[in-house]
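Student: mind looking at a prediction? Sequence and model below.
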Amino acid sequence: MTHPTNTAATQPSLADVDPEVFAAIRHEEDRQSSVLEMIASENYASRAVIEAVGSVLTNKYAEGYPGARYYQGNAFVDEVERLAITRAQALFGVDHANVQPHSGAQANMAVYMGVLKPGEPVLGMQLDAGGHLTHGSPVNASAKLYHFAAYGVDRETEVIDYDAMLVTAKEHRPKIIVVGATAYPRQFDFVRARAIADEVGAVLMADMAHIAGLIAGGAHPSPVGLAQLITTSTHKTLRGPRGGMILCDQNFARRVDRGVFPGTQGGPLMHVIAGKAVMLKEAATEQFRRHAHQVVENAQVLAETLKDAGLRLVSGGTDTHLVLIDVRGLGLNGQDAADALERAGVVVNKNTIPYDPLPPTQGSGVRMGTPALTSRGMGPAEMRRVGTIIASVLHAPDDRVAEERLRGEVAELCAAFPAPGIPARATS
Ligand code: DSN
């Protein structure tokens with residue numbers, strides 16, 4: 001006989017068990033619905049992805065890989081992980097995929113662990129040029145365990161200086177060159193980077209976390225066939241659950257897998273892997289291809305609108321999903337600018353800009369992207385409106401009357417373009 005308190009139907013709901021957490025989630029649903037979410041690394045996962053992540057797969061331990069686990073009872077989680085792997089292979093056209101990394105940072109550390117010995121030389125992009133902590137920032141484990149040198153962008157053009165990258169590579173003789181960034185608005189030249197890697201006998205690693213969805217949708221050149229190792233997070237332009245993934249050539253497959261498990265992780269998050277599988281199915285559609293191109297077009301329209309309103313953009317514009325505004329000329333730092341924008345309902349993040357005199361806790365810029373707004377269905381006309389709102393705030397950050405009016409405009413836009421994956425209750 002079934003124990004009555006043990007069925008889902010008779011168990012108390014989250015609202016009953018933990019009204020505080022329940023209320024915080026409801027409030028976050030309302031917040032995500034009612035602001036212009038423009039953090040370039042955030043997005044709205046679909047309802048299907050959220051459903052998979054909220055499933056009983058969270059209960060399962062599955063250390064190991066499909067068909068070779070350390071626990072019993074893996075028939076169905078094996079099925080899920082195999083689906084995620086084969087979909088990743090097909091979507092990106094790669095030999096091998098590891099879908100277990102808990103995040104993009106974990107994916108990077110797993111690659112280093114699998115491929116390098118401690119202390120070996122690596123070349124990565126400088127943090128204030130747009131690189132990531134795990135590309136050798138002194139405060140990160142990557143720089144504590146491996147011997148990193150950095151390349152950056154040209155001071156004038158603010159575009160990656162590949163000639164300087166070659167010079168540094170020849171001096172440093174890295175085993176791996178990491179190409180990829182969190183705050184770089186231009187396309188990466190993977191052909192050039194591979195040539196540099198070949199010239200110094202390094203392996204090319206592309207960290208495509210920010211642009212993975214653009215690559216999947218054909219809106220940014222792919223590193224596949226050029227970078228032997230590719231890492232990514234799964235929740236940015238890809239619109240999946242929070243997590244990471246590694247793609248690689250067959251000859252790196254074993255080292256990558258061992259770098260993830262047992263190298264840097266234990267049990268994989270099977271519920272999140274289910275969400276990744278769903279995302280990879282969604283990202284293989286024609287609809288997603290159109291979406292990826294729209295993300296870039298929207299960012300370009302936004303960039304032009306901001307420039308027309310007198311704002312200075314790092315590198316003068318964008319080829320991708322993000323723009324970086326230099327706010328120094330407005331008498332602001334990044335934190336002040338981000339605070340003013342949030343008061344008007346536009347959520348971005350402060351960011352360092354190339355050769356920034358300020359620390360990352362303040363930054364001289366704000367970074368913003370179009371992925372989440374595009375997921376809401378917004379297009380070029382809305383981007384012009386959004387750009388005008390942003391410029392108005394930044395030109396008069398202390399004008400509370402204008403702020404009130406702009407908040408009203410933000411509310412109108414949000415009501416007209418409901419956020420995907422969030423119950424309608426919160427969007428009304
Ligand atoms: N924190 C991420 C971003 O915002 O770009 C990178 O991991």
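Tutor: Perfect, I can see it now.
Student: next up, the contacts around the closest residue to the ligand within the stretch 51-200 of the chain.
Tutor: Closest approach between the stretch 51-200 of the chain and the ligand, counting by C-beta to the nearest ligand atom: residue 182, at 3.5 Å. All C-beta atoms are positioned from the backbone trio N, CA, C, and that covers glycine. The contact partners of residue 182, taken as C-beta atoms under 8 Å, 6 or more residues apart in numbering, are 41, 130, 131, 132, 209, 210.
Student: state the helix or strand in which it lies.
Tutor: Under DSSP states H and E, no helix or strand contains residue 182.
Student: how close does it get to residue 302?
Tutor: 18 Å (C-beta to C-beta, to the nearest Å).
Student: repeat that for residue 20.
Tutor: 38 Å.
Student: more neighbours: which of the two?
Tutor: Comparing residue 20 with residue 302 by other C-beta atoms under 10 Å, the one with more neighbours is residue 302, at 28 against 7.
Student: buried stuff in whatever helix or strand the more buried one lives in?
Tutor: Assigned by DSSP H and E, residue 302 falls within helix 286-308. Within helix 286-308, the residues that count as buried by 16 or more other C-beta atoms under 10 Å are 288, 291-292, 294-307.
Student: which residues are contacting the helix or strand just after it?
Tutor: Note on helix 286-308: by DSSP H and E, the next helix or strand toward the C-terminus is strand 312-313. Strand 312-313 has contacts (C-beta under 8 Å, 6+ apart) with 185, 303, 306, 307, 323, 324, 325, 326, 329.
Student: repeat for stretch 402-411
Tutor: With C-beta under 8 Å, 6+ apart, stretch 402-411 has contacts from 34-36, 340, 343-346, 385, 389, 392-393, 396.
Student: swap in stretch 214-228?
Tutor: 91-94, 179, 187-188, 190-191, 193-194, 203-206, 208, 211, 230, 237-238, 247-249, 251-252, 283-284, 288-293, 295-296, 319-321.
Student: just the ones of these in strands?
Tutor: 179, 203, 204, 205, 206, 230, 247, 248 (DSSP state E).
Student: quick check: bridge partners of the third one?
Tutor: Here residue 204 sits in beta bridges with residue 177, as judged by DSSP bridges.
Student: got a list of what it touches?
Tutor: Counting by C-beta under 8 Å, 6+ apart, residue 204 makes contact with 176, 177, 179, 190, 193, 194, 197, 223, 226, 227, 228, 229.
Student: helix, strand, or coil at the residue of the stretch 1-150 of the chain found nearest the ligand?
Tutor: The ligand sits closest to residue 41 of the stretch 1-150 of the chain, with a gap of 3.3 Å, by C-beta to the nearest ligand atom. Classification of residue 41 using DSSP: H, G, I helix; E, B strand; the rest coil returns coil.
Student: relative to the ligand, how far out is the residue lying closest to it once chain neighbours are set aside?
Tutor: Leaving aside its sequence neighbours, residue 41 sits nearest to residue 236 (C-beta to C-beta, 6 or more residues apart in numbering; 4.8 Å). Distance from residue 236 to the ligand, counting by C-beta to the nearest ligand atom, to the nearest Å: 7 Å.
Student: excluding chain neighbours, what is closest to residue 396?
Tutor: Counting by C-beta to C-beta, 6+ apart, the residue nearest residue 396 is residue 402, at 5.7 Å.
Student: quick one: the one you found from the ligand, how far?
Tutor: Noted for residue 402: a distance of 28 Å to the ligand, by C-beta to the nearest ligand atom.
Student: host element of that residue?
Tutor: Per DSSP H and E: helix 400-416 holds residue 402.
Student: report the buried residues of that helix.
Tutor: Buried residues in helix 400-416, counted by 16+ other C-beta under 10 Å: 402, 403, 406, 407, 409, 410, 413, 414.
Student: need the residues you listed in TSV (columns: pLDDT).
Tutor: Listed next are the buried residues of helix 400-416 as TSV, based on pLDDT from 0 to 100:
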residue	pLDDT
402	97
403	97
406	98
407	98
409	98
410	98
413	98
414	98
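Student: between which two of the residues you listed is the distance greatest?
Tutor: 402 and 414 (18.5 Å; C-beta to C-beta).
Student: and this structure, which residues reach the ligand?
Tutor: When proximity is defined by C-beta under 6 Å from any ligand atom, the chain lies next to the ligand at 41, 104, 132, 182.
Student: and stretch 384-395, what's buried?
Tutor: Neighbour counts over stretch 384-395 (16+ other C-beta under 10 Å) mark 385, 386, 387, 388, 389, 390, 391, 392, 393, 394 as buried.
Student: list just the nearest of those residues to the ligand.
Tutor: The closest of the buried residues of stretch 384-395, once distances to the ligand are taken by C-beta to the nearest ligand atom, is residue 390, at 18.3 Å.
Student: and that closest one, what does it touch?
Tutor: 306, 341, 346, 368.
Student: nearest to residue 261 among those?
Tutor: Using C-beta to C-beta, these come closest to residue 261 at residue 368, 36.2 Å.
Student: can you tell me the SS state at the closest one?
Tutor: strand.
Student: and the residue of the stretch 1-150 of the chain closest to the ligand, what pLDDT?
Tutor: For residue 41, the pLDDT comes out at 98.
Student: I figured it hits residue 368, correct?
Tutor: No: taking contacts as C-beta atoms under 8 Å, residue 41 lies outside contact range of residue 368: 10.7 Å.
Student: those two: which has the busier surroundings?
Tutor: With neighbours defined as other C-beta under 10 Å, residue 41 and residue 368 compare such that residue 368 has more, 30 against 20.
Student: ok, now which ones touch that one?
Tutor: Neighbours of residue 368 in contact, by C-beta under 8 Å, 6+ apart: 38, 39, 40, 302, 322, 323, 325, 346, 348, 390.
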